[in-house]
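Novice: Sequence and predicted model, in that order:
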Amino acid sequence: MDFFNLVKQRYSVRNYADKPIEEEKLNQILEAGRLAPTAVNEQPQRIYVLKSPEALAKVRNICRYTFHAPVVLLICYDKTVSWKADKYGDEFDAGEMNACIVATTMMMEATELGIGTLWVRGYHTQDVIDTFELPENLVPVCMLDLGYPAEESRPGPKHFSRLPLEETVTKV
């Protein structure tokens, strides 16, 4: 699929079919995340693949936006590894940005494979840390629901609404 069609096809899935994701496809999605660019190639992303009934029950207990996806990726970054731009005086930590790039890359690979996704940030960070007993060096950034869209799944009403380029881009 060409890139523009891929981007147009991807939408936030909120209704998943009762069908497991094949292990080879899940591994392809994870590999896409591994290959994603990160600042200074530090690769601070740490991804938890939540797919056991116990793990999914924990997720559903702290976040209502899983829509019964068969797999949820918890995407974190290691703050001891992420590149810092503090030498420039702005104390920028690229970890969150890198985790977002990784999540987006995996989201697009999933779409290419016919697997639906939903970017999730509707939870309390401390609940995630406590529930999954994350070590102190890991910072949760988002969750990514993965699953085959249910037959009746459709893009939300705002999906096709886009601002004109002139409203979002300034050429100097």
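Specialist: Now that the structure is in, tell me what you want to look at.
Novice: Quick one: neighbours of F132, just the number.
Specialist: 17 (other CB atoms under 10 Å). All C-beta atoms are positioned from the backbone trio N, CA, C, and that covers glycine.
Novice: Name the residues of the helix or strand encompassing V128 that are buried.
Specialist: Secondary structure from DSSP states H and E places V128 in helix 125-131. Applying a neighbour-count criterion of 16 or more other CB atoms under 10 Å, one finds 128-129, 131 buried in helix 125-131.
Novice: May I have that helix as PDB, with CA atoms only?
Specialist: The C-alpha coordinates for helix 125-131 follow below in PDB (Å, rounded to 0.1, in the frame of the first residue of the first chain):
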ATOM      1  CA  THR A 125       0.100   7.300  35.100                       C
ATOM      2  CA  GLN A 126       0.600   6.200  38.700                       C
ATOM      3  CA  ASP A 127      -2.100   3.500  38.300                       C
ATOM      4  CA  VAL A 128      -0.100   2.100  35.400                       C
ATOM      5  CA  ILE A 129       3.200   2.200  37.300                       C
ATOM      6  CA  ASP A 130       1.600   0.500  40.300                       C
ATOM      7  CA  THR A 131      -0.500  -2.000  38.400                       C
END
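Novice: pretty sure D145 contacts N15?
Specialist: No: counting by CB atoms under 8 Å, D145 sits too far from N15 to count as a contact (10.8 Å).
Novice: Now do the shared contacts for the two.
Specialist: Both D145 and N15 are in contact with F67, where contact means CB atoms under 8 Å, 6 or more residues apart in numbering.
Novice: who has more neighbours, the two?
Specialist: Between D145 and N15, counting by other CB under 10 Å, D145 is the more crowded of the two (27 against 16).
Novice: helices or strands up against the strand or helix carrying the more buried one?
Specialist: Assigned by DSSP H and E, D145 belongs to strand 138-147. Helices and strands touching strand 138-147, by 3 or more CB pairs under 8 Å, 6 or more residues apart in numbering; DSSP states H and E, are strand 71-78, helix 95-112, strand 116-120, helix 125-131.
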